[in-house]
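Enquirer: Here is my input; please provide its structure:
(one chain, ligands or ions: 1)
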Amino acid sequence: MATEREKIEQLLKKETLSARELAQRLDIDIADVIEDLRHVRKSTQPPLKFKIHPARCNHCGFIFKERTKVKTPSKCPSCRSESITEARYSIG
Ligand SMILES: [Zn+2]
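Expert: Presented below is the predicted three-dimensional model:
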């Protein structure tokens, strides 16, 4: 049986998904997904690449360029809006 991390890896090779979407697909807690994503990211070897599609503010269009964190920020640092499109991930 595939582990949670292997399932995440397999899903991200086929689709671009946010942590929340992964949590829904696998019926696990989002905190677990975020933890798993950290490990999957570290264990992804070339030529495969763990890609982060950064979160974006829906209000002012600010792009969260932070690439070291997998957690989606809750507030826009530019306009303080809480309407944020989540960061999404893929492997390819
Ligand atoms: Zn904003």
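
Enquirer: Tell me the residues on the protein that lie near the ion, please.
Expert: Within the chain, the residues that sit near the ion (CB under 5 Å from the ion) are 57, 59, 60, 62, 76, 78, 79, 81. Just so you know, the C-beta spots here come from the backbone N, C-alpha and C atoms, and that holds for glycine as well.

Enquirer: residue boundaries of the strands in the protein?
Expert: 17-18, 50-53, 56-57, 84-85, 88-91 (DSSP state E).

Enquirer: Need those strands in JSON lines (columns: mean pLDDT and mean neighbour count).
Expert: Listed next are these as JSON lines, based on pLDDT from 0 to 100; neighbours: other CB atoms under 10 Å:
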{"stretch": "strand 17-18", "mean pLDDT": "96", "mean neighbour count": "19"}
{"stretch": "strand 50-53", "mean pLDDT": "92", "mean neighbour count": "16"}
{"stretch": "strand 56-57", "mean pLDDT": "93", "mean neighbour count": "19"}
{"stretch": "strand 84-85", "mean pLDDT": "90", "mean neighbour count": "16"}
{"stretch": "strand 88-91", "mean pLDDT": "96", "mean neighbour count": "20"}
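
Enquirer: Rebuild the ones you listed as JSON lines, extending it with distance to residue 4.
Expert: Listed next are the strands of the chain as JSON lines, based on distance: least, CB to CB, whole Å:
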{"stretch": "strand 17-18", "distance to residue 4": "14"}
{"stretch": "strand 50-53", "distance to residue 4": "16"}
{"stretch": "strand 56-57", "distance to residue 4": "27"}
{"stretch": "strand 84-85", "distance to residue 4": "25"}
{"stretch": "strand 88-91", "distance to residue 4": "15"}
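
Enquirer: who does the helix or strand bottoming out on mean pLDDT in the chain pair up with?
Expert: Lowest mean confidence among the helices and strands of the chain (mean pLDDT, DSSP states H and E): strand 84-85, at a mean of 90. Strand 84-85 has the following strand partners under DSSP bridges: strand 56-57 (antiparallel).
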